[in-house]
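# Coordinates only, no sequence provided:
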């Protein structure tokens, strides 16, 4: 092609690009009002449901796998059969991460559910989408009594006196371990380690006696750092753990945090622990490792217990006698936070649907539902009446492991540390922590430097998010 | 040192002793060389095939057997249920259907647009022809990631998010297809064209009755190539679908892998299911595939 | 452009088949051409050219994570921020490194296999089919297979002794190599087919003449086969690099850009900015950078490598 033609085309393309840039140069400004205060005007449209003729159909997105999904479906079917005002359809959106991404994408495409289960860490983001009806509004309109709920659960999801989502599935980190191997190593199977140093000591004994190649499966789960600081009674981020205002700096680069980092490096360097990933296809390697005998203990969410019980019950890994203990960690004036997810009512739905979503969320919070839910999954019954029910009491007697997470949430004071951190770019902070650990464990960074680097990266992530959100 | 040309018939020129010696050595070496070559080929074939082999084997074992050491290399007690489990739990029935539908749409679209455009470039005369052709080729240069952001918005605004149409529409035409068909059409002999124009054939008739049938190998090659790339797509289906209804086989594999973490055998069964259509395609259309993949690479 | 055109076998001089045309015929043909080109052009304009240009616009805005909040125009500040960031530079290096790991190796293996299978041995057809078989595998298939092979719990590689701590795909030093191995295997079939076709185009007489002249296998390979194969090799390098820069699926399935972003190639970086960070503005800047780098690399290859290509004509 002739040079002249090439130049002409290039010029044309440049011109078009220039026009594009010029058009783009028109600035777009917008309101920057603080997002937090917009909750006060929200109204719960209970009347719309009463006036509705015929059943109101709503969709709920959830990420419950396998055994948990089956139980949820059972509860949903029961709800649908028990009344004729509301019909609920469930949609499995696979993981908490995927669900949030789909939800945010849905804000543009219009493809949204009426009720959505969102992981606990994304609370601030859900608030920032300005697309949800705070549960508080319905609590007020319906005169709903929250006093029967576990305080720590309500504390987590309440920010500046507004309960944003309705809680549903609450879990906590617990220690899973193989009692059989404990016995072989000369350790008391009913006394799992309670501190980080005890983990190291027990692991050493396990390895020294040749019971397993490693004692502990260290999953690089950043949520564990939050929990360890909460157990020590310390704040994770500033601004009252992100509850008094937007968090801008992290606080985990303190003595407790550095001790945690140092412990991690020590136990791995001494060959007493193996590292396991917390994402991707190998996300449950820490649990599989106990089954396959590569290590003997690990920290994992209590929410997995239902699936684990199923897998063990089917005859796989017959030599394992699984023990469940409270999460080991630093001690202080604190306690473990809630993990899990909660249910958000989508404001963009028609008023009748919003009210219908509230009805379903309420149903899932009744003592009976929570008893069924806890017994079928391993999630913590978040209503004390459910904990006292025969179904749950029988489960706890039969498999005491299911009670561990519940007890954890009752122990310790109620303060900002135990309420847990609220962070806008929660995933960004987690990435910062995860990478600082990986650097420390594989590139030999010192624990002090790693903690500092992690904190700095976390701060940068939080501040970038805040800038983009205009708060 | 040279010897006079000896008894080798038909070779009048002198052969140097080094050449002769090399040749004789070659003859001796050739038998050893034969065995050696088969051995080498077999070793390499084993290495290349091993991942697929182990996949098929593992799809028939139990998770304990897979984790056991030393590993099991042959399923003495094959567990065929993994395939039905992968099919149902992995929703492969739906995913295969989706992949087939989308792939068919894309292949049909690419064939039609490529034939039309290739014909125009080969047989018609019009202004800005060179420019347009270069523009067509330029689309090959633009990496897909550059366009996904906006394409996602466009497809959503057109209401095609999570639909077969949305999955297929950005791929209905490629510069590669137009190029391939153009080259093929350029090979139509002049006398055929003259005869056709004498018989009063218009362009459409000529295209349908003469040009396309003559270019059949290229059409087949393009079809196979388009099928292959459409079936194996990953990023776009990931972005543009949100649920089982429209998910394709490749994304289904990712899902199956993530949900069957303690049942690796089921995941592998899913892999085998995903590969089978292509293996069939490869065996049946081997020749066309080769031609399609090498167009433009080899001179002559 | 014309160099690329030449390589593509394009003979722009012989582009139409009608030696004589009258103006009216040209006008009619233009109309017809418009109709014929329209479908493809519409697809290109909507899904290639427009998004490409729109990127330049999008790159100038700091976009909030949710659509209800406003976008702020910050102009070139964002571009400068992103392009100057360590994460971007690391990502570019990772992308280049990945291409360096996969493209030459893949071509080399393809040549070796093609050469070995290009002999008149009985049953060589079976070997040729086996060597091409990976063309039936997709990125997802290869990733799931190799991901499991490298898994420390159930994989065979640890059993074979390849068992670093942390395991390959979690190991910042080896993760990229792990992904590269899966990619090379998956591309082997294609590479083999390409090189085989190239070999078949070499006239037999040239190879036989080398034999007659007493050339050793290696010398024959070096002085005859490779030069005559060079157009094919060149094509494989150019196209292979372009595709290597667009690697995505393997990263998503195997390492998700980690560990420590050591496998965070540009395409994956763009994806995470888009999906997880919900930041289309930053993603647009990265996409433009990816395009620019690909173009520059291709042009460099066309300029400097094509000189060494030996065209038979």
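Looks like it came in fine. Predicted, not measured: the structure shown is a model, and the values here were computed from it.

# What helix or strand is the residue of the stretch 1-150 of chain B found nearest chain A located in?
Nearest residue of the stretch 1-150 of chain B to chain A (Cβ to the nearest Cβ) works out as residue B:130 at 4.9 Å. C-beta here means a position set from N, CA and C on the backbone, and glycine is covered the same way. Counting by DSSP states H and E, the element that carries residue B:130 is helix B:129-141.

# And that helix, what's buried?
Going by neighbour count (16 or more other Cβ atoms under 10 Å in any protein chain shown), the buried part of helix B:129-141 is B:129-130, B:132-139, B:141.

# Tell me which two of those sit farthest apart.
Using Cβ to Cβ, those span at most 19.5 Å, a distance reached by B:129 and B:141.

# one step back: of the buried residues of helix B:129-141, which ones also sit close to chain C?
Among these, proximity to chain C is found for B:129-130, B:132, B:134-137, B:139, B:141 (Cβ under 8 Å from any Cβ of the partner chain).

# quick one: residue C:215 and chain B, what's the gap?
Residue C:215 is 9 Å from chain B, where distance means Cβ to the nearest Cβ, to the nearest Å.

# Next, that residue: secondary structure please.
coil (DSSP: H, G, I helix; E, B strand; the rest coil).

# mind listing what residue C:152 touches?
Residue C:152 is in contact with A:274, A:282, A:285, A:294, C:158, C:163, C:167, counting by Cβ atoms under 8 Å, 6 or more residues apart in numbering or on different chains.

# which SSE is the fourth one in?
Put plainly, it is residue A:294. Residue-wise, residue A:294 maps onto no helix or strand under DSSP H and E.

# The nearest residue to it once chain neighbours are set aside is in what secondary structure piece?
For residue A:294, ignoring the flanking residues on the chain, the nearest one in space by Cβ to Cβ, 6 or more residues apart in numbering or on different chains is residue A:213 at 5.9 Å. Under the criterion of DSSP H and E, residue A:213 resides outside all helices and strands.

# Could you do the one 5 residues further on as well?
Secondary structure from DSSP H and E places residue A:218 in strand A:216-219.

# how far is that strand from where the chain is centred?
Taking Cα atoms, centre = their mean, to the nearest Å, one finds the center of strand A:216-219 at 19 Å from the center of the full chain.

# again, but for stretch C:122-134
Relative to its chain's centre, stretch C:122-134 lies at 24 Å (Cα atoms, centre = their mean).

# Flag every buried residue along it.
Within stretch C:122-134, the residues scored as buried using 16+ other Cβ under 10 Å are C:124, C:127-128, C:130-134.

# how many other residues sit next to residue 187?
In the absence of a named chain, chain A is used. As a burial measure, residue A:187 scores 22 neighbours (other Cβ atoms under 10 Å in any protein chain shown).

# Hmm, no, I was thinking of chain C.
Residue C:187 is flanked by 27 other residues according to other Cβ under 10 Å.

# Excluding residues flanking it in the chain, which one is nearest residue A:129?
residue C:66 (4.5 Å).

# residues touching that neighbour, list them.
By Cβ under 8 Å, 6+ apart, the contact set of residue C:66 is A:104, A:107, A:125, A:128-131, A:469, C:278.

# so where's chain C shaky on pLDDT?
C:1-22, C:311-313 (pLDDT under 70).

# In which helix or strand does the closest residue to chain A within it reside?
Chain C approaches chain A most closely through residue C:70 (2.5 Å), counting by Cβ to the nearest Cβ. Using DSSP H and E, residue C:70 sits within no helix or strand.

# burial of residue 223, as a residue count?
Just so you know, I chose chain A. Residue A:223 has 19 neighbouring residues, counting by other Cβ under 10 Å.

# My question was about chain C, not that one.
A count of nearby residues for residue C:223, using other Cβ under 10 Å, gives 12.

# and what of the one 5 residues further on?
Other residues within reach of residue C:228, judged by other Cβ under 10 Å, total 20.

# Give me the three-state assignment for it.
Assignment for residue C:228 (three-state DSSP): helix.

# List the contacts of the closest residue to it other than its chain neighbours.
Counting by Cβ to Cβ, 6+ apart, residue C:202 is the residue found nearest to residue C:228 once chain neighbours are left out, at 4.6 Å. Shown in contact with residue C:202 (Cβ under 8 Å, 6+ apart): C:224-225, C:228-229.
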